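# Sequence below, structure please.
(4 chains)
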4 protein chains.
Amino acid sequence: MSARSGLINETSKGVYVIAATPFADNGELDLESVDSLTDFYLEKGVTGLTILGMMGEAPKLTEAETTTVMRRVLKRVEGGVPVVVGVSDASDRNVERLSHEAMSLGAAGVMIAPVPNLKTDEQVYAYYANIATLLGRDIPICLQDFPQSTGVHTSVAVIHRLVDAFPQIVMLKHEDFPGMRKLSQVREKSVADGRRRISILVGNGGLFLPQEMLRGADGAMTGFAYPEMLVQVCRLFHEGKPEEAEDLFNIYLPLLRHEFQYGIGLALRKETLRRRGAIRSAYVRRPGPALDATDHAELARLIGRLEAALA
Amino acid sequence: MSARSGLINETSKGVYVIAATPFADNGELDLESVDSLTDFYLEKGVTGLTILGMMGEAPKLTEAETTTVMRRVLKRVEGGVPVVVGVSDASDRNVERLSHEAMSLGAAGVMIAPVPNLKTDEQVYAYYANIATLLGRDIPICLQDFPQSTGVHTSVAVIHRLVDAFPQIVMLKHEDFPGMRKLSQVREKSVADGRRRISILVGNGGLFLPQEMLRGADGAMTGFAYPEMLVQVCRLFHEGKPEEAEDLFNIYLPLLRHEFQYGIGLALRKETLRRRGAIRSAYVRRPGPALDATDHAELARLIGRLEAALA
Amino acid sequence: MSARSGLINETSKGVYVIAATPFADNGELDLESVDSLTDFYLEKGVTGLTILGMMGEAPKLTEAETTTVMRRVLKRVEGGVPVVVGVSDASDRNVERLSHEAMSLGAAGVMIAPVPNLKTDEQVYAYYANIATLLGRDIPICLQDFPQSTGVHTSVAVIHRLVDAFPQIVMLKHEDFPGMRKLSQVREKSVADGRRRISILVGNGGLFLPQEMLRGADGAMTGFAYPEMLVQVCRLFHEGKPEEAEDLFNIYLPLLRHEFQYGIGLALRKETLRRRGAIRSAYVRRPGPALDATDHAELARLIGRLEAALA
Amino acid sequence: MSARSGLINETSKGVYVIAATPFADNGELDLESVDSLTDFYLEKGVTGLTILGMMGEAPKLTEAETTTVMRRVLKRVEGGVPVVVGVSDASDRNVERLSHEAMSLGAAGVMIAPVPNLKTDEQVYAYYANIATLLGRDIPICLQDFPQSTGVHTSVAVIHRLVDAFPQIVMLKHEDFPGMRKLSQVREKSVADGRRRISILVGNGGLFLPQEMLRGADGAMTGFAYPEMLVQVCRLFHEGKPEEAEDLFNIYLPLLRHEFQYGIGLALRKETLRRRGAIRSAYVRRPGPALDATDHAELARLIGRLEAALA
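Prediction:
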């Protein structure tokens, strides 16, 4: 796929922040917070946004809400940064519909996780091959490899077959865990076989970001509530300063590790964004995690320690 | 909950057939087949219908399609039999919205499976308690207990706590597997403790229907493509003729067992319904199972053997 | 692998019954029942035995008990029929040790299920390739493909790679569920590619035995407590009488389906064997399933119905 | 259970290091390294040892090797510190046998994880209740709550029922993840209900040790290859210096997080122990993780960074 203006491509790098979806305390979409959160991310220097992923509570939105969020964010960024839209769905038809909607509204590409219950290499390949064929060559695709949530394991061999067959697959959101060797293998076997090199952005809250950058990642696609750190760490790596990058990363690691917790991590992230003034409510739609008094005190203490370390 | 006209309640029994959702070969909803399938079920003597369950491919419909299917089926039955509507969703808000929509269109009650990732008794109880509270006392609820698909195990203790606390919970769709002892325990502990007796209808394709009727089930909620057998078996049990019932059941068992296969079972069921003239296409939305030539020949052979046995 | 006397090979067919391991009511090994059960199987005409599989409660035996069971059964059959020994273990070293022990005592081959946590085609292949290399060309291997228990999915592609690389892999115990298409694919792709044809024996309690025989299975490797039926069904298929075979099968299907239930199925099977005089106690080691009064009555009724149908 | 000399009890606290089991490069037990590793742990000031846990590769040992490891470690510590022995097994009989063997050799208690496939609160309770009854009141039990590995979720309610019913249950190895709220609930509901307070030691590599100590943990039961840090952190917490404790912890956090990776974490831990001179080979029995050149370089770099930070 030729690098068209505004679209993600194989050379994409930096930080594509996984955007939360802000709600009011009554559970309604909070559109003003959508704006302020978008502004917050932009101010922190992110390269792009990824909206309507799992951490964006996409499965809990109505279709109208989904459209509203896409539209609102894409309008707010005004083309300033690329926006990837999560379009995973139980039905191919819905993936197709959502993808076309996103692209027509100005998205830079779509992110797709496989449906559950794919078991063998052939099944995973066939799923993605079918989707890629449906979407055609003009919609750039980011593969979301997150087996802890989907239960689907996408092997290095499958990734390579897909990259070879579908030029529109330009990016891998890598969040298999543990998955560092896999990242290295995707990179090394690409080089060894003269294969097209795709962009790899890492997830898992960024828990292994420095190690992954050294193994060939191009950046991060995760939603840590201090995205400015991710931005700076990636920049330092791109400038050839891995030690400085990791020194900086480690200052935030205690809080980042705290946010890494599955489930409750989303509530912690939203609360941190709320404390930082990015959104007005930390509400997570039900069923979903909610912080109790101890969780709040614990988070406040960790943020306090971070601020002290940064001071 | 008092037994209001047209609503499911604790005394509901018989066969609530799990209705397929018919599509054309191009994947579009086939509304004429929705009608003809509804007629087919009614002609076979079912007590009620359950629409938009997992086998109804509910997660693959758009919101508009969901409404269309509800409306079309409910209009077609003209209040002749009760229709239960599956409203399971990742978000409580959506469960609530779908439930109100279904009831306003004339549904007899709603069926709800838990969201994944509920692990302990307390978590399962809390999930359903919250939903029941949200829906209020006027919407009869059927608990769908299908751990093979949801990964959630609803214990006998949780079922009893829910029955005690929420009069609107009137029915259990029992399809834990193996689950016969559980069925007995739900029944026996209800009697032993003087607890409200709820309706129990069994799923799993009806594979253990005779045994389950003897253990206290009130009927079946499953989608076997020969619902007339289920109807007659349940009637014979209610008439106190378990041996005749099981003799009849066993004639169909080879085909029923074939349809019991997870995944491909839906394609087999739709193809059988198509062969019987109930729908025009056996199409299953993608990703989903499709029959190959061997599957077709195998199914045809089994149907042929059944017809020979019935002749 | 050349067909050496007494060893399983690619042409093995018929019924290799999965043997239960009999205990006394106090949980101790019952060696007299090991003998009587072996005799029972032989009298029913089985082609071979498979001992120390999952249904043989192998993980609950001590090492000494494992050796005792191997020795006792192999002595009792006196080379009359081939005996396959299950040697699955968390450690390669133990697989190797058990395999050598089994072969030295006169086993016809070993059956190996993969360790859990293998996710991709490459991982499954590598596991078996390593084991096959460790065991060498003189120990015939039966692959046990039972993802419902192991969580590991062995793809058609992996099976073929293994067959191509390791002549000692001569047999597949097929019990993926649903798995009929997989069986056909293993067969058809072997023919299409001019590949070595291996023996395929089916498990899953034999629930789909007639369909699987028509798709190219060579027989059954399962423990249904009426093995004489399995023997006769396989014989009829080999004689080209599929309709007669299936007619016979269907008489037993209600009981076979009952025994098919995971977990409690083992207790039902042992109790049926006890009622038939094959063993003295139906005890299953703890933690494990135990029948209650309702289970007993239900089983008795199903056996009674079978006997009436056979009379 | 009265606190008998040398046995773990409700007041146990500090660091019970999860001991690796050292092998030679050829896979054989390396008994000299068992000694040197035991010495290493003692020198680092651990309160106790836990041997033959999952990270001790217990399922890959033969019975004789298991006995040898117990005997060797217990002899080496000479009663200097308590040693908890992992005795989890598929069979109750084996749990009983191993427990008696361990206690007779001088163990301070046994650690037991549940068998897989326990689904409901009642099933989990029944499993442990049965084991506790079998073992009797004289063998102190540590519950291992590690659902990521066992698939079994032990609820707060079950833990409390067990604590109430069985005085020999004196300790919880807490490694549910995320599990911090659970830890708080176990503590708070004990206080609220006037319940016996048990010892809680945390696992998960210690990733959340400071937070867990603040929530009421009594220490750590994990195998981080720098146990001296765990020892000092726990001591500082017990001395009422949480900020100092966490400052120290955070210096090690980058490496600790690295070792936290499931699967390969064991290979990283053993290699770190090897580099520190505690064992002679980092070999992990097969199938199992092995480090490649990139893994080695990455680990060396992280250790180098830690050493620089400590210098």
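# The one helix or strand residue A:130 maps to close to chain C?
Element membership for residue A:130 (DSSP states H and E) is helix A:121-135. Yes - if you take C-beta under 8 Å from any C-beta of the partner chain as the test, helix A:121-135 does meet chain C, through A:121-122. (Each C-beta comes from the backbone N, C-alpha and C, glycine too.)
# continuing past that helix, what's the next helix or strand?
For helix A:121-135, the following helix or strand on the C-terminal side (DSSP H and E) is strand A:141-145.
# neighbouring contacts of that following strand?
A:8, A:50, A:53, A:84, A:86, A:88, A:109-113, A:128, A:131-132, A:135, A:154, A:159, A:162, A:166, A:168-176, A:179, A:201, A:221 (C-beta atoms under 8 Å, 6 or more residues apart in numbering or on different chains).
# one more time with 6 Å
Identification of contacts with strand A:141-145 by C-beta atoms under 6 Å, 6 or more residues apart in numbering or on different chains yields A:84, A:109-111, A:113, A:154, A:168-169, A:171-174, A:176.
# tell me which of these is nearest to chain D?
residue A:176 (11.0 Å; C-beta to the nearest C-beta).
# Pull the number of nearby residues for that closest one.
20 (other C-beta atoms under 10 Å in any protein chain shown).
# element containing it, please.
Element membership of residue A:176 [criterion: DSSP H and E] is none; it lies in no helix or strand.
# how about the residues of the stretch 51-200 of chain A that lie near chain D?
Those residues of the stretch 51-200 of chain A that sit near chain D, judged by C-beta under 6 Å from any C-beta of the partner chain, are A:178, A:184.
# Go again with 10 Å.
Contact residues of the stretch 51-200 of chain A with respect to chain D, defined by C-beta under 10 Å from any C-beta of the partner chain, are listed as A:177-181, A:183-185, A:188.
# List only those of those flagged as buried.
With neighbours counted using 16 or more other C-beta atoms under 10 Å in any protein chain shown, these contain these buried positions: A:177-181, A:183-185.
# separation between the residue lying closest to residue A:150 once chain neighbours are set aside and residue A:92?
Once flanking residues are discounted, residue A:150 sits nearest to residue A:113: 5.3 Å by C-beta to C-beta, 6 or more residues apart in numbering or on different chains. Distance, residue A:113 to residue A:92, using C-beta to C-beta, to the nearest Å: 13 Å.
# for residue A:266, same thing?
Here the distance between residue A:266 and residue A:92 works out to 28 Å (C-beta to C-beta).
# next one: residue A:306
When distances are taken as C-beta to C-beta, residue A:306 and residue A:92 turn out to be 44 Å apart.
# tell me which residues in stretch A:245-264 are buried?
Buried residues in stretch A:245-264, defined by neighbour count with 16+ other C-beta under 10 Å: A:245-246, A:248-250, A:252-261, A:264.
# same question, stretch A:96-113
Applying a neighbour-count criterion of 16+ other C-beta under 10 Å, one finds A:96, A:98-103, A:105-113 buried in stretch A:96-113.
# Stretch A:276-294 too?
The neighbour-count criterion (16+ other C-beta under 10 Å) identifies A:278-289, A:291, A:294 as the buried residues of stretch A:276-294.
# Same check on stretch A:22-32?
Within stretch A:22-32, the residues scored as buried using 16+ other C-beta under 10 Å are A:22-23, A:27, A:29-30.
# could you give the mean pLDDT of that stretch?
Confidence over stretch A:22-32 (mean pLDDT, whole number) is 98.
# can I get the CA coordinates of that stretch in CSV?
Output of stretch A:22-32 as CSV, limited to C-alpha atoms (Å, rounded to 0.1, in the frame of the first residue of the first chain):
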residue,chain,number,x,y,z
PRO,A,22,-15.8,9.3,28.5
PHE,A,23,-19.2,8.9,30.1
ALA,A,24,-21.0,11.1,32.6
ASP,A,25,-21.8,9.6,36.0
ASN,A,26,-25.1,8.5,34.7
GLY,A,27,-23.6,6.5,32.0
GLU,A,28,-24.4,8.8,29.1
LEU,A,29,-21.7,9.7,26.6
ASP,A,30,-20.0,12.9,27.7
LEU,A,31,-19.2,14.7,24.5
GLU,A,32,-17.5,17.6,26.0
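# Next one: that stretch, is it in contact with chain B?
Yes - remark: stretch A:22-32 sits within contact range of chain B at A:27-28, by C-beta under 10 Å from any C-beta.
# near chain B, which residues of the stretch 201-311 of chain A?
By C-beta under 10 Å from any C-beta, the part of the stretch 201-311 of chain A that sits against chain B consists of A:262-263, A:285-288.
# Closest one of the residues you listed to chain B?
Comparing every one of those with chain B (C-beta to the nearest C-beta), the shortest separation belongs to residue A:286, at 4.4 Å.
# Just to be sure, residue A:160 is in a strand?
No - the assignment for residue A:160 by DSSP: H, G, I helix; E, B strand; the rest coil gives helix, which leaves it out of any strand.
# Can you give me the neighbour number for it?
If you count neighbours by other C-beta under 10 Å, residue A:160 ends up with 18.
# got a pLDDT number for it?
On pLDDT, residue A:160 comes in at 97.
# Switch the buried residues of stretch A:276-294 over to JSON lines; also include distance to residue B:233.
As requested, the buried residues of stretch A:276-294 are arranged in JSON lines below (distance: C-beta to C-beta, whole Å):
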{"residue": "A:278", "distance to residue B:233": "60"}
{"residue": "A:279", "distance to residue B:233": "57"}
{"residue": "A:280", "distance to residue B:233": "58"}
{"residue": "A:281", "distance to residue B:233": "54"}
{"residue": "A:282", "distance to residue B:233": "54"}
{"residue": "A:283", "distance to residue B:233": "49"}
{"residue": "A:284", "distance to residue B:233": "46"}
{"residue": "A:285", "distance to residue B:233": "43"}
{"residue": "A:286", "distance to residue B:233": "41"}
{"residue": "A:287", "distance to residue B:233": "38"}
{"residue": "A:288", "distance to residue B:233": "43"}
{"residue": "A:289", "distance to residue B:233": "45"}
{"residue": "A:291", "distance to residue B:233": "52"}
{"residue": "A:294", "distance to residue B:233": "55"}
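# quick one: which of those is nearest to chain C?
Of the buried residues of stretch A:276-294, the one sitting nearest to chain C (C-beta to the nearest C-beta) turns out to be residue A:287, at 26.4 Å.
# can you pull the contacts of the closest one?
Listed by C-beta atoms under 10 Å, 6 or more residues apart in numbering or on different chains, the contact set of residue A:287 reads A:60, B:90-92, B:95, B:114-115, B:117-118, B:123, B:126-127, B:130-131.
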